[in-house]
Each structure stands twice: as C-alpha cells, then as structure tokens.
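Q: sequence first, predicted coordinates after that:
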Amino acid sequence: AVLILLGPPGAGKGTQARMLEDEYGLVQLSTGDLLRAAVAAGTDAGKAAKAVMEAGELVSDDIVLAILQDRMQEPDTKAGVILDGFPRTTVQAEALDGLLQANGQKIDAAISLEVEDEAMVERVSGRYTCANCGEGYHDTFKTPKVDGVCDKCGGTEMKRRADDNAETVRSRLAAYHAQTAPLIGYYEAQGVLQRVDAMGEIQTVADDLGRIVKAAS
Ligand code: AP5
Ligand code: ZN
C-alpha cells in the first residue's frame, strides 16, 4: 500500500505514521527525517538544506526528490509506505506519480489531517523526541510515564528540533498554505483524498486512520 499523510507542521503526521508503522507493518518515509539525517551527516544535500530548514522554508524539489528516490529503492519499502511530509509541492506530486507508475504501484489514499493553525504553534513548540529511538513526546499532550525516560527504549536523552520555535513554525505554516495545501485539490481530483479531523486526541485520530488503512489494504 502507498499512503500519503498531508497536513501542516504539528498536524501529527510523524506521530500517526509511527503508530501505523507499528500496527500495519508499513514503512514510514519522512522527507523531514531524511533531510535532518543528511544535515547531521554533512552531505552536499544536507549542507544545501540546513539554512532553508532553519528558516522554515521548503528545500528545493531536486534535493528532496533525489533523497526520496534513493530511499524508495531500499527493499524494506516494498511492503508498503506511509509518506510523511512528502509530496509538498505539485512538482513533487507529479514526480511521485511517475515513480509509482514505473514501479507498478498506485496511491491508495492521500489523507489530509485537518487542524487549526493556532493550535499547531503550541503543538510544535512543545514537542521533543527521544535521542536514541526517535519516539515523539510533548510537554503537555504526550509526556513519558517517567519524566525524562523514554517509554519505548528507556533512553534518557531527549532532544528538540532547531526549527521548533514559534517564529519558524509560522514560516512553516505559511509555506504549507502557499505550496502544499493545493495538493488537497490535486488528490481530490485523482479520487484518493480522505479528510480526517486531527484536532482530537492522538488515539482518536489513530482509530480514524486505521479504518482508512484497513479499507485501503
Ligand atoms: P518535517 O520534518 O516534515 O516537519 P513538518 O511538516 O513541519 O511537520 P512536523 O514534523 O513539524 O509535524 P508533524 O505533523 O509530524 O507533527 P508531530 O506528529 O510531530 O519538515 C521539516 C522541514 O524539512 C520543512 O520545513 C522543510 O524545510 C523540509 N522538508 C521536509 N520535507 C520536505 C519536502 N517534501 N519538500 C521540501 N522541503 C521539505 O506532532 C507535533 C506535536 O504534537 C508532537 O509533540 C505530538 O506529540 C503532538 N501531537 C500530535 N498529535 C496530537 C494530537 N492529536 N493532540 C495533541 N497533540 C498532538
Ligand atoms: Zn526512546
């Protein structure tokens, strides 16, 4: 299966993709994570992306497509993928259509996580993750059972993203509305769009997504 999660920063794409990964054996493919790994590794793509990401703007389609194509070639993606944060522009959406067609695959569902902008600033500013396993947490909405200790792996080092401050979140929201929101119409026209209310509790949203994934697979 090929599923796309669309939504602004803080909508819960990463949170939900990881839950679907655990439950349905799909592979989460986050271009944000791949880009952050490239930045950390200091590759040419990472060097070009770093300042753009810190400003909350979109990295160029060329760089993103090259990184995504490489990742799609790895065998673990054959069982099915959840695209988290990709595509984000019409150019990327068209390139994805071509790539899937060449592989004999198709999009089962493009899921738009529908949220309110103002709530997103709070969600993103309060977010942190386990440095060891990447599990996501939030100061208010999702705290570990023992403060400072990861529920999943027991790790005690938590980290925050450089672009998770209120000012950069506003740039990221603006980029979403200008460049990514048009994809909702793009997928509606293809007949694969599903809208999910993502303002509710994490588990409620997960239940709604689970129903869509089951129907699609
Ligand atoms: P990326 O890493 O994709 O970030 P993003 O789209 O801004 O999304 P986030 O990771 O901020 O939010 P999310 O929806 O995953 O929310 P989460 O589940 O963490 O991209 C970063 C940058 O990389 C971009 O700005 C761009 O520069 C570049 N980039 C990436 N892909 C690109 C592409 N394709 N093209 C060009 N450039 C690209 O949830 C947020 C918080 O809220 C968490 O703490 C969570 O615990 C909490 N939470 C989640 N759900 C709920 C809920 N229902 N109720 C309460 N709290 C919740
Ligand atoms: Zn952990």
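A: Cool, got the structure. Ligands and ions are numbered 1, 2, ... in the order given.

Q: where exactly do the helices run in the chain?
A: Ranges of helices in the chain, per DSSP state H, are 13-24, 31-41, 44-54, 61-72, 90-102, 117-125, 166-175, 182-190, 202-216.

Q: would a markdown table of those helices with mean pLDDT and mean neighbour count be doable?
A: Placement of C-beta: from N, CA and C, glycine included. Formatted as a markdown table, these follow (pLDDT from 0 to 100; neighbours: other Cβ atoms under 10 Å):
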| stretch | mean pLDDT | mean neighbour count |
| --- | --- | --- |
| helix 13-24 | 93 | 20 |
| helix 31-41 | 96 | 17 |
| helix 44-54 | 97 | 16 |
| helix 61-72 | 96 | 17 |
| helix 90-102 | 96 | 15 |
| helix 117-125 | 92 | 17 |
| helix 166-175 | 94 | 17 |
| helix 182-190 | 98 | 15 |
| helix 202-216 | 95 | 15 |
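
Q: look up how far ligand 1 lies from the residue nearest to the spatial centre of the chain.
A: Central residue check for the chain by Cα atoms, centre = their mean: the C-alpha nearest the mean position is that of residue 84, 2.9 Å away. Distance of residue 84 to ligand 1, computed by Cβ to the nearest ligand atom, to the nearest Å: 6 Å.

Q: from what I can see that residue touches residue 11, true?
A: No. Residue 84 is beyond contact range of residue 11, at 10.3 Å (criterion: Cβ atoms under 8 Å).

Q: surely residue 56 touches residue 175?
A: Yes. Using Cβ under 8 Å, residue 56 is in contact with residue 175, at 6.5 Å.

Q: residue contacts, residue 39?
A: By Cβ atoms under 8 Å, 6 or more residues apart in numbering, the contact set of residue 39 is 46-47, 49-50, 53.

Q: likewise for residue 25?
A: Applying Cβ under 8 Å, 6+ apart, the residues near residue 25 are 79-80.

Q: so what's the closest residue to ligand 1 within the chain closest to, chain neighbours aside?
A: Closest to ligand 1 within the chain is residue 32: 1.9 Å, counting by Cβ to the nearest ligand atom. Nearest non-adjacent residue to residue 32, counting by Cβ to Cβ, 6 or more residues apart in numbering: residue 85, 4.7 Å away.

Q: against residue 138, how distant is residue 164?
A: Look at residue 164 and residue 138: by Cβ to Cβ, to the nearest Å, they are 11 Å apart.

Q: in the chain, what residue sits furthest out from the centroid?
A: Relative to the chain centroid, the chain (Cα atoms, centre = their mean) has residue 146 farthest, 26.7 Å.

Q: that one pairs with what?
A: When assigned by DSSP bridges, residue 146 has beta-bridge partners residue 149.
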